[in-house]
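Enquirer: dropping a prediction and its sequence here:
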Amino acid sequence: MTTRLLLQLLLAASDLTGYPVPEVMPHVAIVAPEVMPCACKGAYEGGTLWVSGDLDLAKPFARSVLLHELVHHLQEQAAGAPRGQTMRVRFEREAVEAQNRYLALQGSGQRAAVAVRDE
Ligand SMILES: [Zn+2]
């Protein structure tokens with residue numbers, strides 16, 4: 001993944017959510033699918049953006065997954081890590097809404113669904 005793409009998606013995430021551009025960039029870890037912290041293609045935890053190495057970033061949906069995780073970075077930079085299930089669900093809905101608006105802007109008919117992991 002290029003720094004340019006990361007910055008483009010970070011700015012798009014800021015535009016789509018209204019969160020400010022953060023002072024701090026996330027640490028990006030591109031890892032093999034079996035090393036991901038969940039059965040997922042992207043994840044965000046404590047300042048680290050996990051990206052599955054098999055994600056084809058030429059595809060709009062793959063980029064939208066990164067944008068979704070970058071929204072979580074913006075949320076945590078602005079409001080801290082989610083405290084409690086209500087805040088977790090609100091953050092997740094907000095990330096999915098931004099992701100789906102990004103997909104629409106990219107001309108993609110694909111949409112993401114809200115899925116909140118139990119902690
Ligand atoms: Zn999420």
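Expert: Received the coordinates, thanks. Numbers count the residues shown, from 1 in each chain.
Enquirer: state the distance from the nearest residue to residue 27 once chain neighbours are set aside to residue 26.
Expert: Closest residue to residue 27 apart from its sequence neighbours, by CB to CB, 6 or more residues apart in numbering: residue 48 at 4.7 Å. C-beta here means a position set from N, CA and C on the backbone, and glycine is covered the same way. To residue 26, residue 48 is 6 Å away according to CB to CB, to the nearest Å.
Enquirer: and the residue in the chain that the ion sits nearest to, what helix or strand is that in?
Expert: Closest residue of the chain to the ion, CB to the ion: residue 95 (4.4 Å). Assigned by DSSP states H and E, residue 95 belongs to helix 85-105.
Enquirer: with residue 43 instead?
Expert: Residue 43 belongs to strand 42-45 when assigned by DSSP H and E.
Enquirer: what residues does that strand touch?
Expert: 26, 36-37, 49-52, 55, 65-66, 68-70, 72-73, 76 (CB atoms under 8 Å, 6 or more residues apart in numbering).
Enquirer: what does stretch 53-63 give?
Expert: Here stretch 53-63 makes contact (CB under 8 Å, 6+ apart) with 1, 5, 9, 30-33, 41-42, 65-66, 102-103, 106-108, 110.
Enquirer: restricted to strands, list those.
Expert: If you go by DSSP state E, the contacts of stretch 53-63 have 30-31, 42 in strands.
Enquirer: buried ones among those?
Expert: Among the ones in strands among the contacts of stretch 53-63, those buried by neighbour count (16 or more other CB atoms under 10 Å) are residue 42.
Enquirer: quickly find the element holding the residue most central in space within the chain.
Expert: Closest to where the C-alpha atoms of the chain average out (CA atoms, centre = their mean) is residue 69, at 1.4 Å. Assignment of secondary structure by DSSP H and E places residue 69 within helix 60-79.
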